[in-house]
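Asks: Fold the stuff below for me.
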Amino acid sequence: MIFFSLFCALLIDHFRPTRAGEFFSGSIRMIAGCVRKWCDTGLVHHARMGWIMVVVIFTLPVLVVYWICLAIHPFFGLLWNILILYLCMGFRHYNHYFTSIQMALLSGENPRARNMLAEWCHDGMENVGDAEITSLTIEKALITVLKDVFGVIFWFALPFGPAGAVFYRVAVGLRKCWSDQNGDRNNFSRFSGRMSCWVNWIPVRLMAVSFAAVGNFEGAVYGWRNESSRWKSGNAGILLASAGGAMGIRLGVTGKHGEQGTGQDTGSGSFATDEPVLPHWPQPTIRFLQSTLGLIWRTLLLWLVLLFLFTMTFYLA
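Replies: Numbering: from 1, shown residues only. From the prediction side, this is the model:
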């Protein structure tokens, strides 16, 4: 059921992309704001209670409906899985900006590409040079597919099914909601940031292993072991360093923009340090945008094949 639910949700999203993610994010912001008003007393354990309260509000109804659907007939459980995945995932969410920036760069319209990148990252890019646009676009695309695709798939594949997918989106969304209000100096943002890093811990490492499998294996492993420490966030460092190694490029050279430009969506606070990068990996050029798309698609295909084999083994055992 896991593979077929995922396959159908991706198929529907491909032919009819939804903007439900914006409604989902808006719902999280609204409820998170209300819960924070009730629970914000300056104490750490109240921040934890508030986080748990928001997660339960979203995940418990999804889990109850899932159990009811399974009790009636597994087919209704399958339909519920597809609906929740369709609302939580967004494989084509990054595609609009990514493709538009790619076309603008190919046409030599660098100012328009910079403006679209700033709109995508919700951050000013006035000081970003033309050579840095490609690198930041690749980093943003990789982190976006982690949040919108691979993280959701991993938590959906766990026993709680659709409730796991909703749990992941809420955990990632809460950090962004509460950090946008008062920065990272309050208990709510600190706790939600730690939880966001925790829920991404395994998906990031599975993605890094997948990059090594479908890309340059030695480069991905080398980047993971030697380059990931240049990021202040371990999750972002492993994800971007392994992806860069798999494609034979160096990411993170524009570290001063990383925290707001590429790390915001994962709640990782990710940006590279000013340590020197290895000279034998070139800075990404426009042609590596297409390489990034290929890496993402091959990784998704690998995950689908593994889930298909797992599903077949479960039903045939």
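
Asks: for the stretch 51-200 of the chain, what spans make up the helices?
Replies: Secondary structure of the stretch 51-200 of the chain (DSSP state H, counting those that start in this stretch): helices located at 74-88, 95-106, 110-121, 130-145, 151-156, 162-182, 187-214.

Asks: Next, count neighbours for the residue nearest to residue 250 when sequence neighbours are not counted.
Replies: Closest residue in space to residue 250, ignoring its immediate chain neighbours: residue 281 at 4.0 Å, by C-beta to C-beta, 6 or more residues apart in numbering. To be clear about C-beta, it is placed using only N, CA and C from the backbone, and glycine gets the same treatment. When neighbours are defined as other C-beta atoms under 10 Å, residue 281 has 19 of them.

Asks: residues in contact with residue 281?
Replies: The neighbours of residue 281, taking C-beta atoms under 8 Å, 6 or more residues apart in numbering as the test, are 219, 244, 245, 248, 249, 250.

Asks: The same query, at a cut-off of 10 Å, please.
Replies: Listed by C-beta atoms under 10 Å, 6 or more residues apart in numbering, the contact set of residue 281 reads 219, 222, 223, 227, 244, 245, 247, 248, 249, 250, 251, 253.

Asks: where does the fifth one fall, helix, sheet strand or coil?
Replies: Taking DSSP: H, G, I helix; E, B strand; the rest coil as the rule, one finds residue 244 in the helix state.

Asks: any idea how far residue 167 is from it?
Replies: Counting by C-beta to C-beta, to the nearest Å, the gap between residue 244 and residue 167 amounts to 30 Å.

Asks: The two - which one has more neighbours?
Replies: Per other C-beta under 10 Å, whichever of residue 244 and residue 167 has more neighbours is residue 244, with 32 against 23.

Asks: In this structure that one contacts residue 236, no?
Replies: No. Between residue 244 and residue 236 no contact is recorded; they are 11.8 Å apart, counting by C-beta atoms under 10 Å.

Asks: Which neighbours do these two have in common?
Replies: Shared contacts of residue 244 and residue 236, counting by C-beta under 10 Å, 6+ apart, come down to 139, 142, 228, 251, 252.

Asks: Closest one of the residues you listed to residue 17?
Replies: residue 142 (19.6 Å; C-beta to C-beta).
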